[in-house]
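**Student:** mind folding the following:
(chains A and B)
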Amino acid sequence: MDISPHATDDSPVHRLNPLTKLTFAVTVTVSAFALTMTWWPLLLFCATVLPLVIISGTLRKFVPMLLALWVPVALTVYLIQGFFYPDTHRVVAEIGPLELKYEGLVFATQTALRLLALMGGFFLLLLTTQPGALMSAMTQRGMSPKTVYVVSAALQIAPALTTRAQGILHAQQARGLPVTGLRGRVRALVPMAGPLILGALTEVGDRAVAMETRGFGTTRRPTYLTEVPDTATQRVARTVMGLCALAAVVTNVLGVLR
Amino acid sequence: MADQVTGRILLNPWRLSPRWRIGIGAVIVAITYGGLISAKPDSVHGGVGGPAALLALCGYTLGAMLIVSGAVAGLPTTTVALLPVAITINIVMGKIVYFSGLPLQLDSIGTVLVGVLAGPAAGAATGALASIVVGMTITPGALPYAVTAALIGFIAGTLARAGWFRRLPTALLAGGVIGVAAGIVSAPITAFVFGNAGGTVGQSAVIATFQAYGNSMLKAASLQGLVADPLDKALTVALALTLLAGLPSGYVHRFPFVQKHRVLAVHRLMPRRT
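**Tutor:** As a prediction, the model looks like this:
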């Protein structure tokens, strides 16, 4: 089971510092949620996220991934809020005993589009960035090495476990465990998952010893093996994006107070 | 240079001691939740989700970041090495259950496991980091729920310290308590950020039913959480205990938290008669 979509291609977007892309995703999300115009998140998505996706050349991967996650959520929000939004007055259509409400549809549109912006921004980060590079960039920014280790190791452990699962499966088959057909597969779950999970857990102790002997857990800041490239332009861009997000939040707060 | 400084400040908040960071993070989360409850954003029409969703996102994310940075700082290497495995258990089980379409989650078995073995701080770190890993790989929709996951690990650890995991009935009760807290804290995210549509088909159906009976969005999400989460977390605890029972006793022994607070029943710490 490979849980991470690999970012192996090369493009100007791929070469950006991961932090820039992270800041971009956060800014898009915050701006999408901060302003209350209904169609604003869609505009934001089309004007900022889509061009970057096209430049990065990942459109073919981006669209299916985004749709697979976004369409179900959007449909659900339309169904729930279209029919059951509280305190509504304007009825658009009646389907049997259910009433489709105008306010609910507006809210559903807004929520769905905001989620589109959120998912779009983070999928761009995901598709164009190696998780390892993002983690190195975070380490250089002073994030604790322990946090970085946990996240990086969790990202790498899944492929290793897949290999181990294959081994266990073969071993159990050799002992006569039937794994064909749906019933066989369901029955094989416990003898498969047991050794897999318990084995992974018992290995932890050895790994901890190995890590300690290599100086993990020292209080001193480590030096970096790979320097993540960063440019002055990107630093400025990050500051500007941060200010944009801040401005959006301020607009929102002023709107609430008014 | 200025930006570098901001980066440092964001990630390493003011060089506070870990305990303070966890405390301030928890206070921010509590204030966020209180604000969301007291503002009753449902009753306002127009830009409904906007301010509430933004407050929920920002407050919870900031709180989770502070809690993680504080919690991870104090962990010994054995625990740090345990976290990635626990996170993987979370992800794999969560995926299996998600595709089954049941109104369950079961995506915090590893979190509970770490909470029981290594204490509240480790549990909180596991939960929050698991959400971040899922957010980075499978769906960004998991990111806002980092606080809930952290809370699950934290409560599991606290109750383990109090001895609730020594016997099965109290352990299941602990699962219920965890579920109530998780349901309440995650409700604002489900309601305001996802418009009550974030979860599985089953969850959405339950929420839709509650809304159809005239409950507000936050209330419907909270009720769904209160109905489904205690059961879900009791089952999670049961599965985590099953895993613990399968581990060799020497392994469990290695964690100082388990020894110091006699977290598990005494017979678990004796060598097994074979």
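
**Student:** going forward, measure contacts and count neighbours with C-alpha atoms only.
**Tutor:** OK.

**Student:** where in the chain is pLDDT low?
**Tutor:** Let's take chain A. Where chain A drops to pLDDT under 70, the residues are A:1-9, A:256-258.

**Student:** let me rephrase: I mean chain B.
**Tutor:** Flagging of chain B using pLDDT under 70 yields the residue ranges B:1-15, B:40-50, B:100-103, B:198, B:266-274.

**Student:** skipping its backbone neighbours, what lies nearest the residue of chain B found nearest chain A in space?
**Tutor:** Nearest residue of chain B to chain A (C-alpha to the nearest C-alpha) works out as B:P84 at 4.3 Å. Among residues not flanking B:P84 along the chain, A:A154 sits closest, at 4.3 Å (C-alpha to C-alpha, 6 or more residues apart in numbering or on different chains).

**Student:** does that neighbour belong to a helix or a strand, and which?
**Tutor:** Per DSSP states H and E, A:A154 falls inside helix A:145-174.

**Student:** and for A:I54?
**Tutor:** Using DSSP H and E, the element containing A:I54 is helix A:50-56.

**Student:** quick check: next helix or strand after that helix?
**Tutor:** Once helix A:50-56 ends, the next helix or strand along the chain (criterion: DSSP H and E) is helix A:59-84.

**Student:** number of residues surrounding residue 232?
**Tutor:** Went with chain A since none was named. Here the count is done by other C-alpha atoms under 10 Å in any protein chain shown, and A:A232 has 9 residues near it.

**Student:** hm, I was asking about chain B
**Tutor:** For B:D232, the count of nearby residues is 22 (other C-alpha under 10 Å).

**Student:** write out the residues of the stretch 101-250 of chain A neighbouring chain B.
**Tutor:** Near chain B, the residues belonging to the stretch 101-250 of chain A are A:107-108, A:111-112, A:115, A:118-119, A:122-123, A:126, A:131, A:141-144, A:146-147, A:150-151, A:153-155, A:157-158, A:197-198, A:200-202, A:204-205, A:207-209, A:211-212, A:216-217, A:235, A:239 when assessed by C-alpha under 8 Å from any C-alpha of the partner chain.

**Student:** which of the residues you listed count as buried?
**Tutor:** Burial of these was assessed by neighbour count (16 or more other C-alpha atoms under 10 Å in any protein chain shown); the buried members are A:107-108, A:111-112, A:115, A:118-119, A:122-123, A:126, A:131, A:141-144, A:146-147, A:150-151, A:153-155, A:157-158, A:197, A:200-201, A:204-205, A:207-208, A:211, A:216-217, A:235, A:239.

**Student:** contacting residues around the residue lying closest to A:T226 once chain neighbours are set aside?
**Tutor:** Once flanking residues are discounted, A:T226 sits nearest to A:S136: 7.7 Å by C-alpha to C-alpha, 6+ apart. Residues in contact with A:S136 (C-alpha atoms under 8 Å, 6 or more residues apart in numbering or on different chains) are A:V148, A:T226, A:E227, A:V228.

**Student:** quick check: buried residues in the strand or helix carrying A:S136?
**Tutor:** Assigned by DSSP H and E, A:S136 belongs to helix A:131-140. Buried residues in helix A:131-140, counted by 16+ other C-alpha under 10 Å: A:P131, A:G132, A:A133, A:L134, A:M135, A:S136, A:A137, A:M138, A:T139, A:Q140.

**Student:** B:A220 touches B:A212, doesn't it?
**Tutor:** No - assessed by C-alpha atoms under 8 Å, B:A220 is found out of contact with B:A212, at 9.2 Å.

**Student:** and those two? Which one has more around it.
**Tutor:** Looking at B:A220 and B:A212 with other C-alpha under 10 Å, you find the greater number of neighbours at B:A220, namely 24 against 18.

**Student:** quick one: name the residues of the stretch 101-250 of chain B near chain A.
**Tutor:** Counting by C-alpha under 8 Å from any C-alpha, the residues of the stretch 101-250 of chain B lying close to chain A are B:129, B:132-133, B:136-141, B:193-198, B:204, B:208, B:211-212, B:214-217, B:243, B:246-247.
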